[in-house]
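Undergrad: I'd like to go over a predicted model; first the sequence, then the structure.
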Amino acid sequence: MTRFQSGVIAEANADALFITLNIVRLREASGRLRRVLAEIPATELKFRQQYPDVDMHITIAIGSEYWDQLSPDQRPAQLTAFPALSNGDIKMPHTPVDLLLHIRSGRHDLNYEASVLLTEKLGDDVTLAEEIHGFRYLDSRDLTGFVDGTENPEGEHRAEVALVGDEDPAFSGGSYIHLQRYEHDLNAWNQITVKQQEDILGRTKKDNREYASADKAAFAHTRRASLKDSEGRSIEILRHSMPYGNLRQKGLMFASYCRSPEPYTKILESMVLGDSSGHHDHLMNFTTAVTGQAFFAPSPQWLENLA
């Protein structure tokens, strides 16, 4: 069976770091950079062996714009730039970066240790673009108060949704990642009634019951983000999203893992551009996308071959 980075399909953890990096622009990637990337699967294994109870995962992904500098002869078949979109005041910006480190486990201290270890190894080959600490909030809720990730695929189906297969043999076991950081306007959100919030989400807040299809407004998040293809099958992505926040900023790190970028792009278009009548996702009226990046997370074997 094709190997894959464990963090692509592993179940959710209680704590995560989303670290984006840019490569210092040299004529070609340095030997140190290639060596560190090649060693990441082994680094993850050492953490998992030393701390078997924390379920550590270290996913490394390469930005769409940087890919050709690292691997000029081979490129994942569908790797493209982040699909920037706008509709009036709603904007999904394209803010490219070169690398993503998605480190997650049950302990923030160990995630921190892994991040320090890897960035020190990379040294001055990289500069830090952004470091966001994601955490499980209450019973897996977003900071809006609603349960997040309810529609995620489960069991073996997670691999079917998230991992490239025989359609691109050179990159089998890899995954297309789209990452966005959203900042929530919780002051505005909390000024509307719970019933208004529930109508915007299309599900109840306290007990997480989804509205019947006939009861959902055209602008409801669960209608705009839950799509079907021409054959009536659900268009799916595997979400590894997590809330983040401090006393100044609060929001969601939205992370989509998929065997193709197409499902994510279709869902984003539905949310932002809306349906044929122009009904966009009204949740977007209370949150702002600050970043938007596209990556590919190759298989461990592909990474190891970099050395």
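TA: That came through fine. Source: prediction; values computed, not measured.
Undergrad: please enumerate the helices of the chain.
TA: 31-50, 67-70, 108-122, 157-162, 186-189, 194-201, 221-224, 262-272, 300-304 (DSSP state H).
Undergrad: counting contacts, what elements does the last one pack onto?
TA: In this case it means helix 300-304. helix 31-50 (3 or more C-beta pairs under 8 Å, 6 or more residues apart in numbering; DSSP states H and E). Bear in mind the C-beta positions are built from the backbone N, C-alpha and C, glycine included.
Undergrad: residues contacting the helix it packs on, please?
TA: 5-6, 23, 55-58, 60, 70, 105, 110, 114, 117-118, 121-123, 125-126, 300, 303-307 (C-beta atoms under 8 Å, 6 or more residues apart in numbering).
Undergrad: returning to what we had before: identify whichever of the helices of the chain lies nearest to residue 83.
TA: Counting by C-beta to C-beta, residue 83 lies closest to helix 262-272 out of the helices of the chain; the figure is 4.9 Å.
Undergrad: contacts for the closest one?
TA: Residues outside helix 262-272 that contact it (C-beta under 8 Å, 6+ apart): 78, 83, 85-87, 90, 92, 176, 178, 221, 224-225, 227, 235-237, 256, 258, 280-281, 283-284.
Undergrad: neighbours of the closest residue in space to residue 271 that isn't next to it in sequence, just the number please.
TA: For residue 271, ignoring the flanking residues on the chain, the nearest one in space by C-beta to C-beta, 6 or more residues apart in numbering is residue 281 at 3.9 Å. Using other C-beta atoms under 10 Å, residue 281 has 27 neighbouring residues.
Undergrad: now residue 74
TA: So residue 74, with other C-beta under 10 Å, has 12 neighbours.
Undergrad: who's in contact with it?
TA: 170, 171.
Undergrad: ok, back up a step: format the helices of the chain as CSV; extra columns: mean pLDDT, distance to residue 242 and mean neighbour count.
TA: Converted to CSV, the helices of the chain look like this (pLDDT from 0 to 100; distance: least, C-beta to C-beta, whole Å; neighbours: other C-beta atoms under 10 Å):
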stretch, mean pLDDT, distance to residue 242, mean neighbour count
helix 31-50, 96, 19, 16
helix 67-70, 93, 25, 16
helix 108-122, 97, 12, 17
helix 157-162, 97, 17, 18
helix 186-189, 98, 16, 14
helix 194-201, 98, 18, 17
helix 221-224, 96, 18, 22
helix 262-272, 97, 17, 20
helix 300-304, 97, 24, 19
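Undergrad: out of those, flag the one nearest residue 142.
TA: helix 194-201 (9.5 Å).
Undergrad: you'd agree residue 127 is up against residue 19?
TA: No - the pair residue 127 / residue 19 is not scored as a contact, 11.6 Å apart, by C-beta atoms under 8 Å.
Undergrad: so which of the two has more stuff around it?
TA: Neighbours of residue 127 and residue 19, each counted by other C-beta under 10 Å, are more numerous for residue 19; the result is 23 against 12.
Undergrad: for the more buried one, give me the pLDDT.
TA: pLDDT for residue 19: 98.
Undergrad: I figured it hits residue 116, correct?
TA: No - in this structure residue 19 lies outside contact range of residue 116 using C-beta under 8 Å: 10.6 Å.
Undergrad: and residue 302, how close does it get to residue 8?
TA: Separation of residue 302 from residue 8 (C-beta to C-beta, to the nearest Å): 13 Å.
Undergrad: I meant to write residue 16 there.
TA: Taken as C-beta to C-beta, the span from residue 16 to residue 8 is 14 Å.
Undergrad: and for residue 38?
TA: Note on residue 38: its distance to residue 8, by C-beta to C-beta, is 18 Å.
Undergrad: how about residue 282?
TA: 31 Å.
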